[in-house]
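1. Have a look; sequence and predicted model below, questions after that.
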Amino acid sequence: MNLSDPVESIKGVGEQTLKKLNKLNIYTVGDLLYHFPREYEDRSKIRKISEIEYNEVNTILAKIGTLPQNLKKGRQILTKVNLRDDSGSLFAVWFGQPYLKKQFQLNDTYLFSGKVTFKYGQIQMESPDYEKVAEDQNIFARPIIPIYPSTYKLSQKIIRQLIRNALDETQNQLIEFLPLWIRKKYQLADYNYSMNNIHFPESDQSYFIARNRLVFEELFLLQMGLMSIKNQMDQKRKGIAFKSISELGEFIRSLPFELTSAQKRVVEEIKKDMISEKVMNRLVQGDVGSGKTIVAAIALFIAVKNNYQGVMMAPTEVLATQHYQGLAPILNQFNIRTGLLTGSLTKKQKENILKQIKEGEIDIVFGTHALIQENVAFKALGLVITDEQHRFGVRQRTILSEKGSNPDVLVMTATPIPRTLALILYGDLDISIIDELPPGRQKIDTYSVNSSYRHRVYQFIKKELMSGRQAYIICPMVEESDDQELQSVISYTDQIKHEFEEYNISYLHGKMKPKEKQKVMEEFLKGEIHILVSTTVIEVGVNVPNATIMLIENAERFGLAQLHQLRGRVGRGQFKSYCILITDSKSKVTMERMKVMKKTNNGFEISETDLKIRGPGEFFGTRQHGLPDLKIANLYKDISILKKAQEACIEVLNMDPNLEKEEHQLLKSRIHQLFSEKIKEISL
Ligand code: ADP
Ligand code: MG
């Protein structure tokens, strides 16, 4: 049996079960085996009913004392069963699962595991997991039992059995793909041992040994996958050696402000790269509002004064236009010719600008994805900049670079990511960090309130509008949906019109035509629109320094990264700014997020906290980067394994860059299997 065999080849997977497995994204034997336990139950800790700890999960070995009853509780059915052992008795209760009534026979013995409470004068075990125990069964033979993550109507028992079957059917014949020398060097357990012991550990220690290997494996494969595409991208290395430009000082002095020392440092780092004949491959990370755009302009200036062209690509038309409108005037003063290329130009305008780019009559082009189309050709492209790079795939950036001959590349991002993730993603990129905001910026005060405060919040917004400021209101939806709870941009705008009678309100969302969006943004920038109700289209990059209020409706709908980006739309000028998060959700994750938002304005701190709040799997930024979810590694806890995995990866690639050696063939095919499709979408 192979990992890539369909999961229905495993005994016990019928049509119904298959459907449920598919809902869990399990399609192959490999998917099933990599569906790792979320936690384990230790049966050596079975308690007598008389020794139960309240408000905790307890495991008991008990007999069915009375036949189950289905009782009506409001609109739901409550199933109740009496359980007893020789020390006492309690009730097991389940909601909305009336079929359980037929499940239990009087006097049969089960293991039950669930949270025990004392309610209405009774001891209750709430929705326990259960497993039948046969007369002659020694339940202590393997005391550690896996508990699987949300198993979508598959009971723990069934999923456990399926995995047991899969392991039995693969009969310890899973093919080891980690080279022996790596396993020796890093003391990693064998593949079959690890798979068996992650699901059904023989002991605590064998679990740790198994986990260690599987975490290493996961991080190592991810790193290998990423490095191998980068290797492909970095084949040709010799780039342009730009010359120092004496006019640069004058250009910088002409700016309306003095660069912060962080900006100055980053400019120096970029200058050094550009002057060297190595191809620059640099990431500029800087929190929202730290002033990355002007740093880009300086790099473009250097390229143009060396008689090359430069290009700056942004993920949205709004942002590309903003770059163009903001930078063209300062660049024009130094006789630099600029242009804007987006999807919404007329055919004529487009032809015209394409011709100018090709003949070198334009020095710097700003634009959107339109820039990577085939018909865009440069005369001498020397510098490629992508802003908000997490919105672009590797391929898109490569296509743009290939329009020149080894141009220098600068990518900019405001999405702070945890250091560990940065290590994985950008291990081979040079990173510059702008870790300072321009002077005079004040902390953005952040509040989180429930919707009963909405009216008071509006009063507050009015006060700000009266002193000449502007406000954003973010809603999660474009149009009214079935989900009554979610605020939508269009109806929200209607609703607040009477509340803010004397002000201009307009809305913005991704489904509008580029021209319309542009018009709204321009009016907002000029201050003609006072309140802009918007979806997250304004999430990245938009710069309107006079806006001081960011009100976010249904804040529970947004991740921390997004909330932080949205908040970054205010506090961009000299005025005190506010971010108000409205949510009625009381979920733990939401509460934690709100707490972090209130506590800090620092994107890096936020991203680190996010990593702590979430377990493995989902974590800050991975989705945005299109990375596969991690199934077992936890980037917060497993840093030391990550370092080893990276070290191993570098070692392999130094020794055998294209994985041609015999001993690396299985590894190579495993990487292909995992990444061949995904890798193109990943944005680095
Ligand atoms: P981001 O890093 O989020 O892209 P921007 O480049 O849009 O930030 O800059 C945010 C605002 O700060 C802009 O209005 C810009 O003109 C201003 N700014 C940038 N650098 C400085 C500086 N050194 N001093 C004062 N204002 C600055
Ligand atoms: Mg920006």
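-> Right, received. Where do you want to start? Predicted, not measured: the structure shown is a model, and the values here were computed from it. Ligands and ions are numbered 1, 2, ... in the order given.
2. Pull the contacting residues for Cys579.
-> Ile444, Asp445, Thr446, Tyr447, Ile549, Met550, Leu551, Ile552, Leu566, Arg567, Val570, Met597 (C-beta atoms under 8 Å, 6 or more residues apart in numbering). From N, CA and C alone the C-beta is placed, and that goes for glycine too.
3. what's the neighbour count on the second one?
-> Burial of Asp445 is recorded as 13 neighbouring residues (other C-beta atoms under 10 Å).
4. about what we covered before: got the contacts of Cys579 as JSON lines, with distance to Glu522, secondary structure and pLDDT columns?
-> Shown next, in JSON lines, are the contacts of Cys579 (distance: C-beta to C-beta, whole Å; DSSP: H, G, I helix; E, B strand; the rest coil; pLDDT from 0 to 100):
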{"residue": "Ile444", "distance to Glu522": "25", "secondary structure": "coil", "pLDDT": "93"}
{"residue": "Asp445", "distance to Glu522": "29", "secondary structure": "strand", "pLDDT": "96"}
{"residue": "Thr446", "distance to Glu522": "29", "secondary structure": "strand", "pLDDT": "97"}
{"residue": "Tyr447", "distance to Glu522": "30", "secondary structure": "strand", "pLDDT": "97"}
{"residue": "Ile549", "distance to Glu522": "20", "secondary structure": "strand", "pLDDT": "97"}
{"residue": "Met550", "distance to Glu522": "20", "secondary structure": "strand", "pLDDT": "97"}
{"residue": "Leu551", "distance to Glu522": "22", "secondary structure": "strand", "pLDDT": "97"}
{"residue": "Ile552", "distance to Glu522": "24", "secondary structure": "strand", "pLDDT": "97"}
{"residue": "Leu566", "distance to Glu522": "21", "secondary structure": "helix", "pLDDT": "92"}
{"residue": "Arg567", "distance to Glu522": "23", "secondary structure": "helix", "pLDDT": "94"}
{"residue": "Val570", "distance to Glu522": "19", "secondary structure": "coil", "pLDDT": "94"}
{"residue": "Met597", "distance to Glu522": "30", "secondary structure": "helix", "pLDDT": "94"}
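5. Select only the buried ones of the residues you listed in PyMOL?
-> The buried subset of the contacts of Cys579, as determined by 16 or more other C-beta atoms under 10 Å, is captured in PyMOL by this line:
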select buried, resi 444+446+447+549+550+551+552+566+567+570+597
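6. List the neighbours of the helix or strand containing Ile330 that are in contact with it.
-> Assigned by DSSP states H and E, Ile330 belongs to helix 317-332. In this structure, residues lying in contact with helix 317-332 by C-beta under 8 Å, 6+ apart are 251, 254-255, 293, 297, 300-301, 304, 312-314, 338-340, 342-344, 363-364, 366-368, 387-388, 514, 517-518, 521, 537-538, 540-543.
7. rewinding a little: nearest to Ala377, of the contacts of Cys579?
-> Leu566 (37.4 Å; C-beta to C-beta).
8. so which of the contacts of Cys579 also contact ligand 1?
-> Among the contacts of Cys579, no residue is within reach of ligand 1 (C-beta under 6 Å from any ligand atom).
9. now, which of the contacts of Cys579 sits nearest Ile372?
-> For the contacts of Cys579, the nearest to Ile372 is Leu566 (27.3 Å; C-beta to C-beta).
10. is it true that that closest one touches Phe558?
-> Yes: the pair Leu566 and Phe558 passes the contact test of C-beta atoms under 8 Å, sitting 7.1 Å apart.
11. Common neighbours of those two, please.
-> Shared contacts of Leu566 and Phe558, counting by C-beta under 8 Å, 6+ apart, come down to Thr536, Ile552.
12. so who does the closest residue to ligand 1 within the chain touch?
-> Residue of the chain nearest ligand 1, by C-beta to the nearest ligand atom: Gly291 (2.8 Å). For Gly291, the contacting residues are Leu259, Thr260, Gln263, Ile434, Leu437, Pro438, by C-beta under 8 Å, 6+ apart.
13. for the fifth one, what are its contacts?
-> What that stands for is Leu437. Neighbours of Leu437 in contact, by C-beta under 8 Å, 6+ apart: Thr260, Asp287, Gly289, Ser290, Gly291.
14. Around the closest residue in space to the fourth one that isn't next to it in sequence, how many other residues sit close by?
-> For Ser290, ignoring the flanking residues on the chain, the nearest one in space by C-beta to C-beta, 6 or more residues apart in numbering is Ile434 at 4.3 Å. When neighbours are defined as other C-beta under 10 Å, Ile434 has 24 of them.
15. Tell me what Ile434 is bridged to.
-> Beta bridges link Ile434 to Gly286 when assigned by DSSP bridges.
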